[in-house]
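Visitor: Pasted the sequence and its predicted model underneath.
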Amino acid sequence: MTDDGTTTAAATDTLGYEQARDELIEVVRRLEAGGTTLEESLALWERGEELAKVCRRWLEGARARLDAALARPAEAADGGGTD
């Protein structure tokens, strides 16, 4: 992790869903295990928040694609019988 938020954000934005999810699982595991300093815990928490945002964006994008795909057959059926 870096002190430069833009560098961290840029690196996080390039993660795929599975990469972000796996790293988030590891962050949660480390937080639950304890034994870290307050500073380390805060850094892990912040990283977890960024990773959760990445996962949320991927899932929202997937939901939008599914909704669009499901809407297409309905549009084709509505427009097909007006001759």
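Guide: Looks like it arrived, so ask away.
Visitor: and Ile39, what does it touch?
Guide: Small correction: residue 39 is Glu, not Ile. With contact set as Cβ atoms under 8 Å, 6 or more residues apart in numbering, Glu39 has no partners. Yep, even glycine has a C-beta here, placed from its N, CA and C like the rest.
Visitor: confidence score at it?
Guide: Predicted confidence (pLDDT) at Glu39: the value is 98.
Visitor: That one: which element?
Guide: Element membership of Glu39, judged by DSSP states H and E, is helix 38-79.
Visitor: distance between that helix and the chain's centre?
Guide: The chain centroid and the centroid of helix 38-79 are separated by 6 Å, computed with Cα atoms, centre = their mean, to the nearest Å.
Visitor: How about the most centrally placed residue in the chain: what's its closest non-neighbour residue?
Guide: Among the residues of the chain, the one closest to the centroid is Cys55, at 1.2 Å (Cα atoms, centre = their mean). Nearest in space to Cys55, with sequence neighbours left out and distances taken as Cβ to Cβ, 6 or more residues apart in numbering, is Ala20 at 5.1 Å.
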